[in-house]
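Visitor: I would like to see how this sequence folds:
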Amino acid sequence: ITALCWLNGTVMFVLAAFEIGIVLQGRQHISMSSQQVAIMFAECSLVMLGINALLFFTTLLEKTAARKLIAIGTILATVGLVILAFHRSDSWVYLGISLTSAGTGLVLPVISYLAAGTSRERLGAAMGGLAAAAGLGQTLGSGMGGWLFGALAQYSFGWFSLPLLIVLILVLARPRW
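Guide: Sure, this is the predicted structure:
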């Protein structure tokens, strides 16, 4: 459970910073309206919902190793963040948002699914631990995201891909974790 809590906190850290980045990027680009920023959030939600539907209305979670799904999700999110860091047009922004949303939208339900598989005696502690890790990750990600996007603007998306790369390396190098 400890590894799942760390993973959950890290992904939520990145997700919170990513969301702050969308808002701040929208405010920093003169060509982006509030409506476009809202559309970006809607896109994020719809992509995550689609990924959740894929996971829970198919047998993907039962037939695919969780480690593999987490690795794929972190790769998608990392690529999305790198695209956002170096985009030159609005269409690239939407692609980066879609990939980042798909990646985090894949990893987070897998973590919850794994935690839900713990014994009945430990289930409450597992879910409470995930919630606490998510809250801490969101708090730190929002604070760090606000500061970093104020200092480095869009390049901050690239910096927030680093925690996901560390997760990917650990997932691949330490499968038992």
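Visitor: got any ranges where the protein has weak pLDDT?
Guide: By pLDDT under 70, the low-scoring segments of the chain are 27-30, 177.
Visitor: which helix of it spans the most residues?
Guide: helix 120-152 (DSSP state H).
Visitor: Send me the helix or strand following it as CSV with only the CA atoms.
Guide: Downstream of helix 120-152, the first helix or strand assigned by DSSP states H and E is helix 156-159. Output in CSV follows, covering the C-alpha atoms of helix 156-159 (Å, rounded to 0.1, in the frame of the first residue of the first chain):
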residue,chain,number,x,y,z
SER,A,156,7.3,24.3,-16.4
PHE,A,157,5.3,21.5,-18.0
GLY,A,158,8.6,19.9,-18.9
TRP,A,159,9.9,20.1,-15.3
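Visitor: quick one, helices of the chain?
Guide: 2-28, 34-56, 60-63, 66-86, 90-116, 120-152, 156-159, 162-173.
Visitor: Can you pull up the most central residue in this protein?
Guide: Note on the chain: the residue nearest the mean C-alpha position is residue 104, at 3.1 Å, using CA atoms, centre = their mean.
Visitor: thought that one was touching residue 70?
Guide: No - counting by CB atoms under 8 Å, residue 104 does not reach residue 70; the two are 11.0 Å apart. Just so you know, the C-beta spots here come from the backbone N, C-alpha and C atoms, and that holds for glycine as well.
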